[in-house]
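> fold the following for me, if possible:
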Amino acid sequence: MSEQTDYAATFSLVDSDGDGLISADEFLSLMSNLGEESTPEQAVAAVREMDSDGDDRVSLTEFTAYMARNHA
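Purely as a prediction, here's the structure:
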């Protein structure tokens, strides 16, 4: 199984609108659902850290690359 497949289920849980991208708002919602306090600014910063193409949203490919780098 590829890493992308491994992370696809987690990605789809965060991508609440199903557009194939994770926005800062979706990330903020995830953190809230997990009981973690996070500000909109922190959510934007987290998305920017994962976002490699500068569109301020995270694709599955970007999410997979980030997870592989930081949780190997």
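> pLDDT below threshold where in the protein?
1, 72 (pLDDT under 70).
> just give the closest residue to residue 22, not the sequence neighbours.
residue 58 (4.1 Å; C-beta to C-beta, 6 or more residues apart in numbering). Glycine gets a C-beta too; all of them are placed from N, C-alpha and C.
> now swap in residue 28 and tell me
residue 43 (3.9 Å).
> these two touch, right, that neighbour and residue 22?
No: contact criterion C-beta atoms under 8 Å: residue 43 and residue 22 do not qualify, at 10.0 Å.
> so the residue nearest to residue 22 makes contact with residue 48?
No: with contact defined as C-beta under 8 Å, residue 58 does not reach residue 48; the gap is 9.3 Å.
> who's more crowded, those two?
Ranked by neighbour count (other C-beta atoms under 10 Å), residue 58 and residue 48 place residue 58 first, with 29 against 13.
> got the phi/psi numbers for the more buried one?
Main-chain torsions, residue 58, degrees, to the nearest 10: phi -110, psi 120.
> can you pull the contacts of it?
By C-beta atoms under 8 Å, 6 or more residues apart in numbering, residue 58 lies in contact with 21-22, 27, 47, 50-51, 66.
> those in strands, which ones?
21-22 (DSSP state E).
> can you tell me which of the contacts of residue 58 has the most neighbours?
residue 22 leads these on contacts (other C-beta under 10 Å) with 26 neighbours.
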